[in-house]
Every structure is written in C-alpha cells, then in structure tokens.
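Visitor: I would like to see how this sequence folds:
(one chain, ligands or ions: 1)
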Amino acid sequence: MVILENKTAPVAAAVMAGLTRKPKQLPSWLFYDEQGDAIFQSIMRMPEYYPTRCEYEIFQKQKEAIRQQFTAAGTPFRLVELGAGDGLKTELLLKHFVDQHTDFEYWPTDISPNVLAILQERLEHSLPTLTSSPIAHRHEDALRTVAEDHEHRHIFMFLGANIGNYSLLEAQAFVNNLAGAMHAGDLLFMGFDLKKDPRVIQAAYDDPHGITRSFNLNLLTRLNRELGANFDIDAFEHAPYYDPETGAAKSYLVSLRNQDVHIEATHQIIHFNAWETIHTEVSLKYDLTMIESLARKANLEIVRHFADSRDYFRDILFRKP
Ligand code: AVJ
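Guide: Okay, here's the model as predicted:
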C-alpha cells in the first residue's frame, strides 16, 4: 500500500471502492474540488438549471412569511445551514432577517472548505453585523453540536436540491438523523425539487452549453491530478438520464471505447469495456407523497409549504413536536 496524504485518502478510498463495483460508481461529492465548485456556479447561472431561480423567487417573494415562521416562537435562534455552498440565495434571506432586526446567528457548513471560506469572507463585507461562524465541514459534526446544545433554539436549513443527491432510502436516514438532533420546537427548512415535465428536468441536466458535461467530466480530471490517474477525458462522455417514474435524474460517464486506466495512488488498473458506465450522480425529484412519508417516518410535522409560481420547487418547513 502507498502512504497517502490525508487530503487524498478519502478520494483514493472512494475511487478504489467505486471503480471495483459492478456497475461502476463514484460518489457525487467528488465533483466539488475548486474547479467543480466554479463549474457548479456556472450551472446555477444557466437558464436551463431552474432550481436556483425557483428558490430565489421563493425567497424574494416570501422572505417575510419565512421570517414570521422562524420567529413565531419569540426566542432567538441559531440558523444552521447544511451544505451552504456559496450562500448567494441564503444571503437574500439573511439580509432581510438582519434588516428586520431579527435576533439570530448563522452557522453555515459545507463539505467544501473552499466555498465556506468564500462565503464567510463575503458575509463579513455584506452583512457585517451578522454573527456568523462556520461550525464544521461535516454534517455529522454539525448535528452533534446541535444535539448537545439544549440552550439554543435551532433551525436547520438544507436548501437547493441538495436532498436530491440522496436516494430515497438515504434521504430518509438523513432526515431521521436531523430529526434526532432537533429538540422539541426546533425547525427544519428544506428544499425539494419536484417532479415536473420530464423535458424540463432533462434539459437542466443535459444543457446545450455543455456546462453540466464539463462538470461531470471534471471528476476524471480531478482524479488524474490528485491520484495520478491517466483517464483520457476525450474517451468518456457525459450521459444524463431522467426516469419520470422514480423521479431519479441520473448522471453517468460512459466509456467510448475498450480501455485501461491506471491509477497510480491506488495501484489499480481499471478496465472499461466500450460503453461501460460510471454512475456519478443521482438528483432525486420528489412528489408530495414522498415528502409526507419522509416527514411521517421521521416524526416531524409539516408546518408550511413555500412554492415558486410554477410549482417546480418547494421549500418546506418542518417542526419537531
Ligand atoms: C448541488 C446536488 C443540488 O443535483 O441539481 C447540478 C448538482 N448536478 N447539475 C443537483 C448538479 C448537475 C445539484 N445539487
């Protein structure tokens, strides 16, 4: 075995496990290196990627209704945002809360320390009076911190279509974990991308600009750089596919030919048959039955739905009884 640096160890472990599975698969968190973060920013700016604009509309039009719900208990709160990303949309809410002299603190977390640093720096300039400190990079650490803190009221936020990166089973486990860390009266504000015209969803993950394609292929570039792999990027293609029955938008990298790839750091030679796939991402779209079932099984009450004008997307407020 090679001795790996701490930073590459999780990447190597994920690759070693994922590329020896049949069918091959890689976890979608591997997208988010510095380059991947930047490409995702471009994805959010393109017209076909509707979830960002839907949630933005919800925040813009309903920010006061959201604030009313968050402050209904009449006590200060800690806003813990899981997967905050660059926090651009959240900033719209945060600014409104600050403008209305809302008594709260903001605790963002994200798996990418890179975006978290960018977010922190921007907030220091744009909202200097806001108390904000990134608590942890890992969700589990954030949950433990909240579970052990009985003094503060907490509101968890998990926005965008982030929950979609989990399978339904994983999503249930995740919501159960969240609910387990919440105390009575705590809130959870979660974004769900809804099932809709399949053509709209397909276009969001197979855009004509090739941005999502480069997002998917960048994963291989990352492995070449970080693990000394020799993926020929031109020998793979982005292959997204939406299944309207399950609501799963799945992305694959497809090998265009019969080929071997050498991965130096893991001492592996991985064989690909022509047209063999690596499953790199699921982005699950929800219907109301799925959402209600998630809540019921986690023993959370649904307080209120906030939808955009086309009902493409909802931010849903849950409460721990
Ligand atoms: C960051 C997980 C919400 O699934 O819609 C966008 C990532 N992948 N286009 C999503 C993504 C391809 C995005 N999430």
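
Visitor: where along this structure do the strands fall?
Guide: 24-25, 77-81, 104-108, 153-158, 187-193, 236-243, 248-255, 259-263, 268-272, 277-284, 301-307, 313-319 (DSSP state E).

Visitor: what does the fourth one contact?
Guide: With contact meaning CB atoms under 8 Å, 6 or more residues apart in numbering, strand 153-158 is reached by 70, 73, 75-83, 90, 146, 178, 181-183, 185-191. Where you see a C-beta, it was placed from the backbone N, CA and C, and this is true even at glycine.

Visitor: up against the ligand, what does the chain have?
Guide: 43, 51, 160-162, 164-165, 205, 212, 215, 281, 283 (CB under 6 Å from any ligand atom).

Visitor: any low-confidence regions in the stretch 101-250 of the chain?
Guide: 135-137 (pLDDT under 70).

Visitor: return the nearest residue of it with respect to the ligand.
Guide: The minimum distance from the stretch 101-250 of the chain to the ligand, using CB to the nearest ligand atom, falls at A161 (3.7 Å).

Visitor: mind checking how far the residue lying closest to L317 once chain neighbours are set aside is from the ligand?
Guide: Distances taken as CB to CB, 6 or more residues apart in numbering place V303 nearest to L317, at 4.3 Å, with adjacent residues excluded. Distance of V303 to the ligand, given as CB to the nearest ligand atom, to the nearest Å: 23 Å.

Visitor: please enumerate the helices of this structure.
Guide: Taking DSSP state H, the helices of the chain run over residues 9-18, 34-45, 50-71, 88-99, 113-126, 139-148, 168-181, 198-205, 211-227, 288-297.

Visitor: contacts only, for A249.
Guide: A249 sits in contact with 164, 201-202, 204-205, 240-243, 282-285, where contact means CB under 8 Å, 6+ apart.

Visitor: rerun at 6 Å
Guide: 201, 205, 242, 283 (CB atoms under 6 Å, 6 or more residues apart in numbering).

Visitor: flag every buried residue along stretch 20-36.
Guide: Using 16 or more other CB atoms under 10 Å as the burial criterion, the residues of stretch 20-36 that qualify are 24-28, 30-33, 35-36.

Visitor: of all the helices of the chain, which lies closest to A265?
Guide: helix 211-227 (4.0 Å; CB to CB).

Visitor: returning to what we had before: can you redo the residues of the chain next to the ligand as a markdown table with neighbour count?
Guide: Shown next, in a markdown table, are the residues of the chain next to the ligand (neighbours: other CB atoms under 10 Å):
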| residue | neighbour count |
| --- | --- |
| I43 | 19 |
| P51 | 25 |
| G160 | 24 |
| A161 | 23 |
| N162 | 20 |
| G164 | 21 |
| N165 | 19 |
| Y205 | 22 |
| T212 | 25 |
| F215 | 24 |
| E281 | 24 |
| S283 | 23 |
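
Visitor: most widely separated two among the residues you listed?
Guide: The most distant members of these, if one measures by CB to CB, are N162 and T212, lying 16.5 Å apart.

Visitor: number of nearby residues for G74?
Guide: 7 (other CB atoms under 10 Å).

Visitor: then the one 4 residues further on?
Guide: Residue neighbour count, defined by other CB under 10 Å, stands at 20 for R78.

Visitor: check contacts around it.
Guide: For R78, the contacting residues are 105, 107, 152, 154, by CB under 6 Å, 6+ apart.

Visitor: most neighbours among these, which one is it?
Guide: W107 (23 neighbours).

Visitor: and that residue, what are its bridge partners?
Guide: Beta-bridge pairing of W107 under DSSP bridges involves V80.

Visitor: correct me, but it touches L82?
Guide: No - using CB atoms under 6 Å as the test, W107 is too far from L82 to be in contact (9.7 Å).

Visitor: from L168, how far off is the residue of the stretch 101-250 of the chain closest to the ligand?
Guide: 14 Å (CB to CB, to the nearest Å).

Visitor: against A142, how distant is D149?
Guide: As judged by CB to CB, D149 and A142 stand 11 Å apart.

Visitor: and those two? Which one has more around it.
Guide: A142 (22 against 13).

Visitor: what is the burial count for the closest residue in space to F215 that isn't next to it in sequence?
Guide: Nearest residue to F215 in three dimensions, chain neighbours excluded: I39, at 4.4 Å (CB to CB, 6+ apart). Using other CB under 10 Å, I39 has 21 neighbouring residues.
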